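Peer 1: Sequence below, structure please.
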Amino acid sequence: MEIKVDDLNGSEVTALLLEHLQHMFEYSPPESVHALNLDGLRQTDVTFWSIWEGNELAGCGALKELDCGHGEIKSMRTASSHLRKGVGATMLQHLIDEARRRNYQQLSLETGSMDYFKPAHQLYYKFGFTLCGPFANYTDDPNSLFMMMKL
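Peer 2: Next up, the predicted model:
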């Protein structure tokens, strides 16, 4: 698998991110959806990567800088045709490595609390993330699960 910084202009990436947003709104109330749209992912404080298996898009992930010592994982998604192939774990390790390279002391994320998100919860726990309270501009929300990792 090859991971590369992505400019978000490719049709495959656009389709995967639209699918991601669609699922977020399908499984979470609108006020609890915190996924970034394409414009949000193009902001200067966000770096977006795509992961490829040959010429097939396998997934994506992003890292948002909250401050010089704190990053947030955004838009982790595996293409449905690549589920259970290690794409999510590969991308998550890449994001953790990049956060360490940037000398962040903490890496945080928000994900849904519903059963649909349990595979993501298990992945984050496996990598050492622990539950925490809301961070940055988030507020308490029973539909959100907040996690963090000290680096």
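Peer 1: quick one, strands of the chain?
Peer 2: Assigned by DSSP state E, the strands in the chain fall at 2-5, 46-53, 56-67, 70-78, 106-112, 130-132, 144-150.
Peer 1: what residues are up against residue 111?
Peer 2: 117, 120-121, 124, 144-145, 147 (CB atoms under 8 Å, 6 or more residues apart in numbering). (Each C-beta comes from the backbone N, C-alpha and C, glycine too.)
Peer 1: what two of these are the furthest from one another?
Peer 2: Farthest pair in these (CB to CB) is 124 and 144. Separation: 13.4 Å.
Peer 1: quick one: which of these two has more around it?
Peer 2: residue 124 (23 against 19; other CB atoms under 10 Å).
Peer 1: Give me the nearest residue to the more buried one, chain neighbours excluded.
Peer 2: Excluding the flanking residues, the one nearest residue 124 by CB to CB, 6 or more residues apart in numbering is residue 147, at 5.3 Å.
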